[in-house]
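Participant: kindly generate the corresponding structure for this input.
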Amino acid sequence: MEKQNPTNQLPSYVEYSSGAHFMALNNFTGVVWTHFFRRSLLETSSLYFSKTSLFEDEEFVAKAYFFARKMLVTSYKVYGYYCSSSSLTRMIAEDECRRRVSDFKEMLFRLKAFSQACQSDTSVECLEALNRRIHFLVIDYIRQMWRNKCSINEMNRQLAILKQEGLVPLPYKKYSWKYRLVCPVINVYIRFVI
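Facilitator: Presented below is the predicted three-dimensional model:
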């Protein structure tokens with residue numbers, strides 16, 4: 001439900017009953033600079049960034065949504081981001097490309113382990129929302145391999161690891177039209193090639 005302040009001092013926003021509720025309904029870019037977090041959420045959830053220097057935002061934001069009891073979403077701009085051609089995410093050196101792919105996979109496996117560790121004491125809604133996010137990140141990981149110029153043989157090796165870890169084939173869910181389009185393609189490839 002969108003709320004407007006009659007004095008127009010605050011921007012409009014949409015309120016979600018929890019971060020998991022938002023995560024269950026939306027795909028999003030997991031960058032930390034588009035968020036504000038209450039300090040109490042970070043302290044009570046023991047949230048912190050992993051020690052890798054790439055994709056730690058994706059893991060952190062997914063876990064923050066998982067623990068958040070309330071969430072407000074607004075399109076109000078409060079942060080300016082400068083895209084630098086020399087940033088780590090824009091480097092095209094082969095070593096950096098390999099590192100990006102490796103760091104993304106490590107982040108994905110940490111989130112999967114986190115989801116498994118929460119199985120016994122977490123609501124079904126929270127787990128389903130987190131697993132939805134993991135499914136989208138699997139697709140993003142495959143895109144990362146492609147964007148970072150992994151060979152077909154390397155991609156097949158990595159997909160075999162994902163299959164061994166139970167991350168593929170992806171479940172047939174109605175998350176979004178894009179997911180419904182991509183999921184069968186990935187699953188057919190996994191079935192016949194991996």
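
Participant: mind listing residues that contact stretch 30-41?
Facilitator: 47, 57-62, 64, 67-68, 78-79, 81 (CB atoms under 8 Å, 6 or more residues apart in numbering). For the C-beta atoms, the positions are set from N, CA and C on the backbone; glycine is no exception.

Participant: hmm, try it at 6 Å
Facilitator: Where contact means CB atoms under 6 Å, 6 or more residues apart in numbering, the residues beyond stretch 30-41 that reach it are 57-58, 60-61, 64, 79.

Participant: now stretch 50-58
Facilitator: By CB under 6 Å, 6+ apart, the surrounding residues in contact with stretch 50-58 are 30-32, 49, 59, 100, 103-104, 107.

Participant: how does it look with 7 Å?
Facilitator: The contact list for stretch 50-58, computed with CB atoms under 7 Å, 6 or more residues apart in numbering, reads 30-32, 49, 59, 88, 99-100, 103-104, 106-107, 110, 137.

Participant: could I get those residues as CSV with pLDDT, secondary structure and neighbour count?
Facilitator: Written out in CSV, the entries for the contacts of stretch 50-58 read as follows (pLDDT from 0 to 100; DSSP: H, G, I helix; E, B strand; the rest coil; neighbours: other CB atoms under 10 Å):
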residue, pLDDT, secondary structure, neighbour count
30, 88, coil, 23
31, 87, coil, 13
32, 86, helix, 14
49, 86, coil, 11
59, 94, helix, 21
88, 53, helix, 12
99, 88, helix, 17
100, 89, helix, 19
103, 92, helix, 19
104, 93, helix, 21
106, 94, helix, 16
107, 94, helix, 23
110, 94, helix, 18
137, 97, helix, 22
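
Participant: and the furthest pair within the residues you listed?
Facilitator: Checked with CB to CB, the contacts of stretch 50-58 reach their widest spread between 32 and 99, with 19.8 Å between them.

Participant: which one is residue 140 nearest to, not counting chain neighbours?
Facilitator: Nearest in space to residue 140, with sequence neighbours left out and distances taken as CB to CB, 6 or more residues apart in numbering, is residue 104 at 7.4 Å.

Participant: sorry, that was for residue 182
Facilitator: Nearest residue to residue 182 in three dimensions, chain neighbours excluded: residue 139, at 5.7 Å (CB to CB, 6+ apart).

Participant: is it true that the one you found touches residue 185?
Facilitator: No - assessed by CB atoms under 7 Å, residue 139 is found out of contact with residue 185, at 10.0 Å.
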